[in-house]
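In: Pasting the sequence and the predicted coordinates here, then a few questions.
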Amino acid sequence: MSSVSIRKIRKSFAGLTVLDSVDMEIAPGEFIVILGPSGCGKSTLLNVIAGLDDCDSGQIVIDAVDVSGLEPSQRGLAMVFQSYALFPAMTVRRNLSFGMEVAGTPKATIVQKVDWVAKLLQIEALLDRKPSQLSGGQRQRVAIGRALVRSSSICLFDEPLSNLDAKLRAETRVELKQLHETLKSTMIYVTHDQIEAMTMADRVAVMHKGRVEQFAHPQSIYEKPASLFVAGFVGSPAMNLLEGSLDGTGCFLVGLRSISSSAYPFENPSAGEAVLGIRCEDIGIVEPGSPDSIPAQLAFTELLGADALGWFDCLGKRMSVRLGVDAARSMAKEVGLRFDMAKASFFSAATERRL
Ligand SMILES: Nc1ncnc2c1ncn2[C@@H]1O[C@H](COP(=O)(O)OP(=O)(O)O)[C@@H](O)[C@H]1O
Ligand SMILES: [Mg+2]
């Protein structure tokens, strides 16, 4: 197990800033997911950690040693790429052993390691096949196996599941998490898929335009997004957002409506233009005209199997409310919505940071 410190990493391509002072302290054995939309700089950051890309300034420190000037092979990392990058002319066995052969590992050790990883990933029956004779999921296992035989204490993954279909992705997600529990190595995993981030990570770093917006436990990212961007990116359906203003005396004003903000645990109290965020499960349906409720009209419902979503027109917005299936089937057209303000989020309209 190794610690990784990412310190003030900056990187630009032809004048375009791709990494803007990225800082991250990763503890030994942590499973870190770097989550963000396409183009936000995830792969670049991973490549800088691995030494495949230079940075303009900043440091990568592994176990208290500054590795910034070291070649990728000297950093002791294993990496799994999105494209798998298997050698097409080699069998699975050779794909697994090749790196060790080049490194001069004794033959007996190579055999032992290939056996170990083949068993671990259940690819024993595939060892004599070529990559072209494998399914996408099988190739993906071989790519992971090739990283694991290097027995690195740090594994880097760049969207390793994005080429798999939904079912296989869900299965492999669970397997990777179990693998982490077995190997206990430090894992840094890049994805744009928030479900992977929520289910696998000890901590998630949400990236946006080359910056880390929030670095925290998945549940706190979901419950207390640090910025408007995180609020909009994490969670399905997306958090409901309402623009208005805080009057400084415990009320949030949206048009002519006033919503009491007194139950909200402000971390950075302020008055002025703000955005209220509320998740679909934190809204209750009440009789129209009930105290502390806002009138809303049902637009449509979506049955999701275990539960349902109601979509309501409210304060000029289309808002989602999580409902039971029976409630969704018999939902009235005119209702009142009551927000659980203790679980809401407020963001400054100017800075887009959490209040
Ligand atoms: N070699 C390169 N030359 C120029 N621009 C690049 C290069 N690699 C990446 N970029 C740009 O850097 C930004 C971040 O890319 P990348 O790290 O691949 O994003 P992500 O992995 O989050 O999708 C993108 O705008 C991309 O076009
Ligand atoms: Mg990428």
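Out: Cool, got the structure. Residues are numbered from 1 along each chain as shown. Ligands and ions are numbered 1, 2, ... in the order given.
In: Would you map the strands across the stretch 151-300 of the chain?
Out: Taking DSSP state E, counting those that start in this stretch as the test, the strands found in the stretch 151-300 of the chain are 154-158, 186-191, 203-208, 211-216, 240-246, 251-254, 257-260, 272-278, 283-286, 294-303.
In: Export those as CSV, with columns for distance to Leu70, mean pLDDT and mean neighbour count.
Out: Any C-beta I mention is one placed from the backbone N, CA and C, and that applies to glycine too. As requested, these are arranged in CSV below (distance: least, C-beta to C-beta, whole Å; pLDDT from 0 to 100; neighbours: other C-beta atoms under 10 Å):
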stretch, distance to Leu70, mean pLDDT, mean neighbour count
strand 154-158, 13, 94, 24
strand 186-191, 17, 96, 25
strand 203-208, 23, 98, 24
strand 211-216, 24, 98, 20
strand 240-246, 45, 97, 19
strand 251-254, 52, 96, 17
strand 257-260, 55, 94, 15
strand 272-278, 43, 97, 19
strand 283-286, 52, 97, 18
strand 294-303, 52, 97, 16
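In: CSV for the ones you listed, including distance to Arg146?
Out: CSV is the format used below for the strands of the stretch 151-300 of the chain (distance: least, C-beta to C-beta, whole Å):
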stretch, distance to Arg146
strand 154-158, 11
strand 186-191, 16
strand 203-208, 26
strand 211-216, 29
strand 240-246, 44
strand 251-254, 54
strand 257-260, 55
strand 272-278, 43
strand 283-286, 48
strand 294-303, 42
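In: separation between Arg146 and Ile49?
Out: 19 Å (C-beta to C-beta, to the nearest Å).
In: Please apply the same query to Ser2.
Out: Relative to Ile49, and taking C-beta to C-beta, Ser2 is found at 12 Å.
In: When Arg146 and Ile49 are compared, which one has more neighbours?
Out: More crowded of Arg146 and Ile49, by other C-beta atoms under 10 Å: Ile49, with 27 against 24.
In: Next, that one: phi, psi?
Out: Main-chain torsions, Ile49, degrees, to the nearest 10: phi -60, psi -40.
In: quick one, what contacts it?
Out: By C-beta atoms under 8 Å, 6 or more residues apart in numbering, the contact list for Ile49 reads Val4, Ile6, Ile60, Leu77, Leu156, Ile188.
In: Find the helix or strand that the second one is a member of.
Out: It refers to Ile6. strand 4-13 (DSSP states H and E).
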